[in-house]
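J.: Quick one: sequence plus predicted model below, questions after.
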Amino acid sequence: MSFLKRARKENLISLAMDLGENPAPTFSKIDLVSLIKGNKHYNEDEAKLMLETMVTEREERLKLAAEQERLKLAAKQERLKMEFELEKLRMTSDGCKNPKHEKPSCYELTKTVPSFDSKNGDITLFLSLFER
């Protein structure tokens, strides 16, 4: 009889429904135990077996859900790893095909520094630009 007191409320509600009762979700555990014991189909051994079955089924569902979550997480991690590898391969292949992204080996000063116009230009402005 103490197995009923140790059972979870949702298991007691399920047991009462299996016995043909209609318990309200607001019933306390004590009310549920008295409802189950007062049922005309109540048999202690069968009730204990039914509760044990409910508990094992719930544990199996939880294990299955945890395993599915683990597999989903592993698949997501593998997908991210593959995407990273693909992006890495794209970057290396783009570097070979696209020379404009490569760092130039030497800078051409004639292209980077504007030419100095001695008639209209100011030498201090030209030199400050040249320093940069």
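T.: Nice, thanks for sending it over.
J.: At the geometric centre of the protein, which residue do we find?
T.: The residue lying closest to the centre of the chain (CA atoms, centre = their mean) is residue 73, at 6.6 Å.
J.: Next up, identify which helix or strand it is on.
T.: Using DSSP states H and E, residue 73 sits within helix 44-97.
J.: Low-confidence ranges, the chain, go.
T.: The model of the chain has pLDDT under 70 over residues 1, 95-107, 109-110, 112-114, 116-119, 121, 130, 132.
J.: So which bits of the one helix or strand residue 34 maps to are buried?
T.: Assessed by DSSP H and E, residue 34 sits inside helix 29-37. Using 16 or more other CB atoms under 10 Å as the test for burial, helix 29-37 gives 32-33, 35-36. (Each C-beta comes from the backbone N, C-alpha and C, glycine too.)
J.: from the residues you listed, which two are the most distant?
T.: Within those, 33 and 35 form the most distant pair, 7.2 Å apart (CB to CB).
J.: coming back round to it: which strands and helices lie in contact with the helix holding residue 34?
T.: helix 2-6, helix 9-18 (3 or more CB pairs under 8 Å, 6 or more residues apart in numbering; DSSP states H and E).
J.: What residues of the last one count as buried?
T.: This means helix 9-18. 11-16.
J.: Dump those residues into CSV; add distance to residue 77 as well.
T.: As requested, the buried residues of helix 9-18 are arranged in CSV below (distance: CB to CB, whole Å):
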residue, distance to residue 77
11, 36
12, 41
13, 39
14, 37
15, 41
16, 44
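J.: now, among those residues, which is nearest to residue 56?
T.: For the buried residues of helix 9-18, the minimum distance to residue 56 (CB to CB) is 11.1 Å, reached by residue 11.
J.: my guess is the closest one meets residue 55, correct?
T.: Yes: counting by CB atoms under 8 Å, residue 55 is a contact partner of residue 11 at 6.7 Å.
J.: burial of residue 51, as a residue count?
T.: Neighbours of residue 51 under the rule other CB atoms under 10 Å: 20.
J.: Nothing else from me, thank you.
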